[in-house]
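Student: Output the structure for:
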Amino acid sequence: MKKIILSLGILLAVGIILFILINNAKSNTSAFDKQEQAIASVTPMPFEELTIPALRRRNYSSELGELTTVSSNSEYTSYSTNYTSDGLKINGQLTIPKGDRPISGWGAIVFVHGYIPPSTYQTFQNYSSYVDYLARHGFVVFKIDLRGHGESEGEPGGAYYSADYIIDVLSARTALQRTDFVDPEKIGLWGHSMAGNVVLRSMAVMPEIPAGVIWGGAVFTYDDWKKYGIDDGSYQPPTDATNRQRRRQQLLEKYGQFDKESPFWSKFAATNYINDIKGAIQLAHAIDDNVVNIGYSRDLNTLLDSTPVVHELKEYPSGGHNFTGETFNQAMQSSVDFFSQTLK
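Tutor: The predicted structure follows:
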């Protein structure tokens, strides 16, 4: 009888243990399944590739193509060359100073043009006096033809609701870094008008960029666009149903107009990331600019006042949007002085 009771006790104990193990296994499997389901349910945020965090995660790998001499003077030689951005061939004008190259290489400037109707843009004519002024002061200048402009491949994606031009700029920077004549740590950015947005967003993506100059820049917080608008009579909207138009329409259908409280839009504007910027910024704006209100630069300067970013705002009483007349020489010399301090 005692043996029977003992056997029953052992069987009962084994049963209890098996019951516990089976239930634990079910419980663990259930938790695992739930975790897997949760992971599977997570999908990338639509248009996430346009945000500053996503652009920071990208790889910007590029190299300069063949250099073809276009002209030469006592100060520098001008070349036609290209590089790749998003798999596209992007062309541009490259100037290299004459004389003894510094041991670490020359300081360089990626020059980003403002809005010009893509169909009329010309590499060696548009902004030629700007490039010449900078090139004569000992900088390598790389004026890139943003995609869809001149002979550059691709479609002009626009600046304000796209990341295309930022990718073009940062790829150009990488291409310069891989040369033997540029100091890879001394590459700054210069941008006019529309390119002001591109320059600031590029510096937010790569905070280590040492310097950026913005002339008559527009659209920084995106709230400022609602506030000031842009009065550009030269703007020619695309005539066809381009990919740019379709993508912008899809973007606005998904998230609506810019809203600083939106989780998506808050990752889009560079001004939410300016505290990260390590380089210096110079803003230049003519008070009588009738295309881009000087309020854009004044408001951005006020935001920068509350950050550790080294910055300055140069206001000019006249010169208009393109800094004509004596204002051009004053503003260019100011830009040269700024770049001399930050890139040499």
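
Student: And the average pLDDT for the helix or strand containing Arg247 is what?
Tutor: Arg247 belongs to helix 243-255 when assigned by DSSP states H and E. For helix 243-255, mean pLDDT is 86.

Student: Can you tell me what sits against that helix?
Tutor: Contacts of helix 243-255 from elsewhere in the structure, counted by C-beta atoms under 8 Å, 6 or more residues apart in numbering, are 46-47, 50, 155-158, 161-162, 238, 262, 264-265. (C-beta placed from N, C-alpha, C; glycine too.)

Student: Looking at those, which is nearest Ile287?
Tutor: Sorting those by how near they are to Ile287, with C-beta to C-beta, puts Gly158 at the top with 27.4 Å.

Student: Any idea how many residues pack against the closest one?
Tutor: By the measure other C-beta atoms under 10 Å, the count of residues near Gly158 is 19.

Student: In contact with it, which residues?
Tutor: Contacts were defined as C-beta under 8 Å, 6+ apart; by that measure Gly158 touches Asp164, Tyr165, Arg244, Arg248.

Student: Thr221 is in contact with Ala269, isn't it?
Tutor: Yes - Thr221 sits in contact with Ala269 when judged by C-beta atoms under 8 Å, with a separation of 5.9 Å.

Student: For the two, list the residues in contact with both.
Tutor: By C-beta under 8 Å, 6+ apart, Thr221 and Ala269 have these common neighbours: Lys260.

Student: min pLDDT across the contacts of helix 243-255, which one?
Tutor: The member of the contacts of helix 243-255 with the lowest pLDDT is Pro238, at 63.

Student: Who are the packing partners of the host helix or strand of Ala175?
Tutor: With secondary structure defined by DSSP H and E, Ala175 is part of helix 164-177. Contact analysis of helix 164-177 by 3 or more C-beta pairs under 8 Å, 6 or more residues apart in numbering; DSSP states H and E lists helix 52-57, strand 76-85, strand 88-97, strand 106-112, strand 140-144, strand 182-192, helix 194-205 as its packing neighbours.

Student: Mind putting those into TSV with distance to Met332?
Tutor: As requested, these are arranged in TSV below (distance: least, C-beta to C-beta, whole Å):
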stretch	distance to Met332
helix 52-57	30
strand 76-85	15
strand 88-97	15
strand 106-112	12
strand 140-144	12
strand 182-192	10
helix 194-205	16
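
Student: Could you dump those into JSON lines with distance to Gly256, mean pLDDT and mean neighbour count added?
Tutor: Compiled in JSON lines, these are given as follows (distance: least, C-beta to C-beta, whole Å; pLDDT from 0 to 100; neighbours: other C-beta atoms under 10 Å):
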{"stretch": "helix 52-57", "distance to Gly256": "19", "mean pLDDT": "97", "mean neighbour count": "15"}
{"stretch": "strand 76-85", "distance to Gly256": "30", "mean pLDDT": "98", "mean neighbour count": "21"}
{"stretch": "strand 88-97", "distance to Gly256": "30", "mean pLDDT": "98", "mean neighbour count": "23"}
{"stretch": "strand 106-112", "distance to Gly256": "29", "mean pLDDT": "98", "mean neighbour count": "26"}
{"stretch": "strand 140-144", "distance to Gly256": "32", "mean pLDDT": "98", "mean neighbour count": "27"}
{"stretch": "strand 182-192", "distance to Gly256": "28", "mean pLDDT": "98", "mean neighbour count": "23"}
{"stretch": "helix 194-205", "distance to Gly256": "20", "mean pLDDT": "98", "mean neighbour count": "27"}
